[in-house]
Each structure stands twice: as C-alpha cells, then as structure tokens.
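Chemist: The following comprises the amino acid sequence and a computationally predicted model.
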Amino acid sequence: MRSYYVPKNAVGNLWTIFRITGEGEFQDINTVRGTNVDAEDVLGTVNTFLSSTTRVEARVVTASETQSATTLNHNGEKAYHDGDLEGAANLFRQAIDIDSNFGQAYSNLGLTYQKLGRTSEAIWANRKAIALASGNTASTVRASSYYNIAKIYEAAGQFADALKHYELAKSQKDNPVYSQAIDRVRAQIH
C-alpha cells in the first residue's frame, strides 16, 4: 500500500492525501475524520494509514450538503458545455469538497482534466469515480469513466490498456460507441 500527495488545486498549498489499496482503490485520507489534515501533521497522520488493516471511513454527508454538491456538479456540467473548463473543474472540485463520495462529480472532473491535458489527474479522478459509483447511475458512471481512461491510453498509443478499459466500459453498459472503440483498437493491435 502506498500513500501519495496530490495538489488539491492550483492555488495555495492545499493537498489531498490518499492511499491506494491492494485492489487499486484510491482512498482520500484527508477526510477520514471529517477534517482536513494540516500540512505540518501530514507525516504523522499518513503513517497511521500505511497499514492495510486501518479502515478508512468517509464522513457522513447531510441531505443539504448532497443538494449543494449536486447543484455545483450541475453548474460544472453547464460550464463544461459552455467551454469554461477551468471554471467547470473548480465547480466539480467544490462539489467533491462537500461530498467526497460523489462519483459523478469525480467522473466529470476526470473528463475535464482530460480536456485540459492533465492526464494523470484525469486518470486519478476517473478511477475515483469508478470506485465511488453508486445508485441508479452507477453502471453509467463506471462505463463513462472506464471509457475516458481508455481514450487517454489510446491517445498515448497504449492500445492493450485502451482495449482493456473499453471492454470494461462495455461490460458496465452496452453502447455502440464502446463497441466501435473496441473494434478500432483491436485493429491497431493486430
């Protein structure tokens, strides 16, 4: 198990501390206790979570917080479609700050990061979306996030990884776009 430090935003010294479980799930350590970790406490706090026996629990989100996060996510989608990618990313991050288990907001953030050329962050956000997807839209969120990751791999010429993720997308939700992508990448491999 490894812990990593990822900048939470481009302004200031805010960091997200997360770990990757043996199953490849990203877990946000910052919000485990419902508070953010101060920079001077990072090493002491992270050491506690290096053991795979330490359970990471997310804080409870109230109904009003869920509504606020949903509104921010919706506003982020509007900003994205209006071409304001930085504004959209900020709105998606705000939604996630309120509800750190909001899979759709992570998926939207991943796509936005991808469009901004922030590939590593895009993969991270999409993987987080896959891990957090729940409810009626879980399969759609997972499928679109796998698809977004596959597109990144395909653009990088990593066709085997792209194929794997396109197939994972299709396993979550049947969509002709996923089938076409699978055929296109298979042609590159053979």
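Modeler: Thanks, I have the structure now.

Chemist: for the closest residue to Q114 other than its chain neighbours, what are its contacts?
Modeler: Of all residues not flanking Q114 in the chain, A122 sits nearest, at 4.0 Å (Cβ to Cβ, 6 or more residues apart in numbering). For the C-beta atoms, the positions are set from N, CA and C on the backbone; glycine is no exception. A122 makes contact with G110, L111, Y113, Q114, N148, I149, I152, according to Cβ atoms under 8 Å, 6 or more residues apart in numbering.

Chemist: domains for this protein, by residue range?
Modeler: Segmentation of the chain into domains, based on automatic domain parsing, reads 2-48, 64-189.

Chemist: Just the element for the residue nearest to Q114, please.
Modeler: For A122, the host element (DSSP states H and E) is helix 119-132.

Chemist: and that helix, average pLDDT?
Modeler: The pLDDT scores in helix 119-132 average 95.

Chemist: got the CA coordinates for it in CSV?
Modeler: This file holds the C-alpha atoms of helix 119-132, laid out as CSV (Å, rounded to 0.1, in the frame of the first residue of the first chain):
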residue,chain,number,x,y,z
THR,A,119,-3.7,13.3,-17.9
SER,A,120,-2.5,11.9,-14.5
GLU,A,121,-5.2,13.8,-12.7
ALA,A,122,-7.8,12.7,-15.2
ILE,A,123,-6.9,9.0,-14.7
TRP,A,124,-7.0,9.5,-10.9
ALA,A,125,-10.4,11.2,-10.9
ASN,A,126,-11.9,8.6,-13.2
ARG,A,127,-10.6,5.8,-11.1
LYS,A,128,-12.0,7.5,-8.0
ALA,A,129,-15.4,7.8,-9.9
ILE,A,130,-15.3,4.1,-10.6
ALA,A,131,-14.7,3.2,-7.0
LEU,A,132,-17.4,5.5,-5.7
